[in-house]
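**Student:** Based on what follows, work out the 3D shape:
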Amino acid sequence: MVTTIPSEPTTVPGDAARLAATVDFVREQHTATLLPLLLPGLDGPELRALVGRCRFSHAALLVFPTDPQALRTQLADCGLDPAVVPQPSVVVRQRLAARHRRDAAELDVRILRPPVLGPDGAHRTVEIFTLTVPPGSPLAAIAEHERDRQHEAHLAFEVERPDPLVLRGLCAILARHGALADGGGYNQHEDGTVLYFTAPADSKSGYRRVELYLHGDHRDVLASHLEESRARRPAETLLRLLTGAWATQALAVFADLRVPDAMDTRAATGAGALARAVGADQESLARLLRYLTVPGVVAAEHDGFRLTELGALLRADSPGSMRPLALMYGGPFYQSFAHLAHTVRTGETAFDHLFGENHFDHFARDPELARLFDQSMAASSRMFEPLTTHPVVTAVSAAPGPRSVVDVAGGNGELLARLLTAHPRLNGVLLERPHVIEAARRSLAAAGCAERCDLRVGDFADVPPGGDLYLLSRVLHDWDDDRCREILRHLARAMPAHADLLIVERVLPADGSPSLALSWDLHMMCNVGGRERRTDHYARLLAEAGLTLLDRSPLPLDADVLHARKATAESAELPRQLPGLR
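**Tutor:** Alright, predicted model coming up:
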């Protein structure tokens, strides 16, 4: 039985010999016998868990044919189908570019998967990465190095029915037996996610790398895996963090020039055509687009660049467009973050220090900036989606008689419009500043809710009384504790005894786990003088205003909805019993 690949002999084997050895290996191996060779010591329940969840699917190698015909000849000599159509290889191309300090656009790495039958007729493939290197090519040094080191040679196991818990469990088993996270990526061309590991030093398989292959987009698990991989390279990790501001500006420029609007998600467009469409320098735009292939905003193809689903979120006309966020974070908020040191040293808000006034007054005096800010708030409206079915909302909607929802500082009415659309029996009241009211009027009219909504100009002291449900969405984090207590007291005074209050905020985790709330806490400190808070912090503020926190539910984008009511003798003890309040 073949158990190894040719590795490190006196003379480095050519592509044909390595391909033949790899084909033989794939034809002869069994999943249950290969895994213990790969991970010495693996047996019992853990071996059964791996065998039950994944199967040996292929072995891979990287070859360097002089031309396409030479590759087809090698495939035929090994009994493989020479007509297999190659596809672009995103992950290996990026790895080669990083390893050899080359521009990824110079490396046309392709991937082929000719089928092979394993024992008992099991369907497998040989995964062949190809980089064409004609005689005299400047890429010859890369080919020589890669043939010698075989960095891309690996074994792959396809995970059946992948879900996050299963994937994390499989990764944990590999880690316990000495396999180390070693990168990975998502290939949009085939809708597949790969997680790479370095095999244990005592592995008997003959391969130094192993891959878990997952059908579909599993970027949450991939992000965790890549973070673990980067943790083994602290200098590289720090460098990526230090250059994060470059990504912010690249995305802002990409959005500002409306490049996404000139691109297609189904076919590539040449850099020249894009440059003409948006009025940009062709070479400079091409370099920007190459950079944006790394985070997956665009995809580089033979004839240009294609917009990905991620990049399409920056189109001006896409539903829930995040273009306004890109312009805000790359514009005034980017400028104020350059003065973060002032905030940390003095406790004063960097935005106020830079612009000479707080951001609400600054935006109110600039209609274009005010419009952009309101649009940026609406761009995060995905967090509102579950609120239409929140038990409090459905209970108010189902109650007999006319019922009203009061949205305090409701911006352009995005949240209120969602609730009124989903619940036609509800009426709405929106309280906002004068310069926002017209935007809210247009938004509610477009949603067909204008006739059921009363728009009122005012401040927090003007909260309308008599509502059945009050909304306070992303408001409290703008203010310090004293102002929050004041806002909540205004609400408590206006709320009837039966009324409910729903508060949408990003809540700081009590256990130190990763959360967008940690980033937004710094953002609020630097730009508005506010802060994000833990659940127990909100519970105290509510109690001091005569309200009781009853419940907390998660929302998308790391947000939460807090449910509160007026305090009663029966509810006074409830906050102590809620999870996460201690």
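**Student:** The helix or strand hosting residue 470: how far from the chain's middle?
**Tutor:** Secondary-structure assignment from DSSP states H and E places residue 470 in strand 469-473. Relative to its parent chain, strand 469-473 has a centroid offset of 28 Å by CA atoms, centre = their mean, to the nearest Å.
**Student:** need the strands for the stretch 101-250 of the chain, in chain order.
**Tutor:** Along the stretch 101-250 of the chain, counting by DSSP state E, counting those that start in this stretch, strands occupy 110-112, 115-117, 123-130, 154-159, 180-187, 192-198, 209-215.
**Student:** Of the ones you listed, which is nearest residue 446?
**Tutor:** strand 180-187 (35.3 Å; CB to CB). Any C-beta I mention is one placed from the backbone N, CA and C, and that applies to glycine too.
**Student:** Can you check what angle separates that closest one from strand 209-215?
**Tutor:** 40 degrees (axes from the mean of the first three to the mean of the last three CA atoms, to 10 degrees).
**Student:** where among the strands of the stretch 101-250 of the chain is the average confidence lowest?
**Tutor:** Among the strands of the stretch 101-250 of the chain, strand 180-187 carries the lowest mean pLDDT, a mean of 85.
**Student:** And for residue 364, nearest residue in space, chain neighbours not counted?
**Tutor:** residue 435 (5.5 Å; CB to CB, 6 or more residues apart in numbering).
**Student:** What strand or helix carries the one you found?
**Tutor:** For residue 435, the element it lies in under DSSP H and E is helix 434-446.
**Student:** Just checking: what are the partner strands of whichever helix or strand comes after that helix?
**Tutor:** Once the chain leaves helix 434-446, the next helix or strand it forms, by DSSP H and E, is strand 453-457. When pairing is defined by DSSP bridges, strand 453-457 lines up against strand 426-432 (parallel).
**Student:** For the stretch 301-450 of the chain, which segments count as strands?
**Tutor:** Counting by DSSP E, counting those that start in this stretch, the strands of the stretch 301-450 of the chain are 304-307, 403-408, 426-432.
**Student:** Could you do the stretch 451-582 of the chain as well?
**Tutor:** In the stretch 451-582 of the chain, the strands defined using DSSP E, counting those that start in this stretch lie at 453-457, 469-473, 500-505, 547-555, 559-566.
**Student:** Could you quantify the relative orientation of the strand holding residue 470 and strand 403-408 as an angle?
**Tutor:** 30 degrees.
**Student:** which secondary structure elements does strand 469-473 contact?
**Tutor:** If you count contacts as 3 or more CB pairs under 8 Å, 6 or more residues apart in numbering; DSSP states H and E, strand 469-473 packs onto helix 391-398, strand 403-408, helix 414-422, helix 481-494, strand 500-505.
**Student:** what stretches of the stretch 51-200 of the chain score poorly on pLDDT?
**Tutor:** The model of the stretch 51-200 of the chain has no residue with pLDDT under 70.
**Student:** Please repeat the previous calculation with a cut-off of 80.
**Tutor:** 101, 103-105, 120, 165, 187-190 (pLDDT under 80).
**Student:** ok, back up a step: residues contacting the strand holding residue 470, please?
**Tutor:** Contacts of strand 469-473 with the rest of the structure, by CB atoms under 8 Å, 6 or more residues apart in numbering, involve 384, 392-393, 396, 403-411, 415-416, 419, 463, 487, 491, 494-495, 499-504.
**Student:** ok so, going back, for the residue nearest to residue 364, list the residues it contacts.
**Tutor:** Residues counted as contacts of residue 435 (CB under 8 Å, 6+ apart) are 364, 367, 370.
**Student:** Can you report how many residues neighbour the first one?
**Tutor:** Right, the one you point to is residue 364. Applying other CB atoms under 10 Å, we find 17 other residues in the vicinity of residue 364.
**Student:** again, but for the last one
**Tutor:** The burial metric for residue 370, expressed as a neighbour count using other CB under 10 Å, is 18.
**Student:** What pLDDT does the model give it?
**Tutor:** The model reports residue 370 with a pLDDT of 80.
**Student:** For the closest residue to it other than its chain neighbours, list the residues it contacts.
**Tutor:** Leaving aside its sequence neighbours, residue 370 sits nearest to residue 363 (CB to CB, 6+ apart; 4.5 Å). Listed by CB under 8 Å, 6+ apart, the contact partners of residue 363 are 369, 370, 373.
**Student:** And residue 439, by the same measure?
**Tutor:** 371, 374, 411, 412, 413.
**Student:** Repeat that for residue 370.
**Tutor:** Neighbour list for residue 370: 363, 364, 435, 436 [criterion: CB under 8 Å, 6+ apart].
**Student:** One more pass at 7 Å, please.
**Tutor:** 363, 364, 435 (CB atoms under 7 Å, 6 or more residues apart in numbering).
**Student:** Nearest to residue 260, out of those residues: which one, please.
**Tutor:** For the contacts of residue 370, the nearest to residue 260 is residue 363 (24.9 Å; CB to CB).
**Student:** got a pLDDT number for that closest one?
**Tutor:** 85.
**Student:** one step back: with residue 310 as the reference, name the closest of the strands of the stretch 101-250 of the chain.
**Tutor:** strand 180-187 (10.1 Å).
**Student:** Sheet partners, orientation included, of that closest one?
**Tutor:** In the sheet, strand 180-187 lines up against strand 192-198 (antiparallel) (DSSP bridges).
**Student:** Just the C-alphas of the strand it pairs with, formatted as PDB.
**Tutor:** Below are the C-alpha coordinates for strand 192-198, written out as PDB (Å, rounded to 0.1, in the frame of the first residue of the first chain):
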ATOM      1  CA  GLY A 192     -16.500  26.100  -0.900                       C
ATOM      2  CA  THR A 193     -14.600  26.800   2.300                       C
ATOM      3  CA  VAL A 194     -11.200  25.200   3.200                       C
ATOM      4  CA  LEU A 195      -9.500  25.000   6.600                       C
ATOM      5  CA  TYR A 196      -5.800  24.100   6.400                       C
ATOM      6  CA  PHE A 197      -3.800  22.500   9.200                       C
ATOM      7  CA  THR A 198      -0.100  21.600   9.600                       C
END
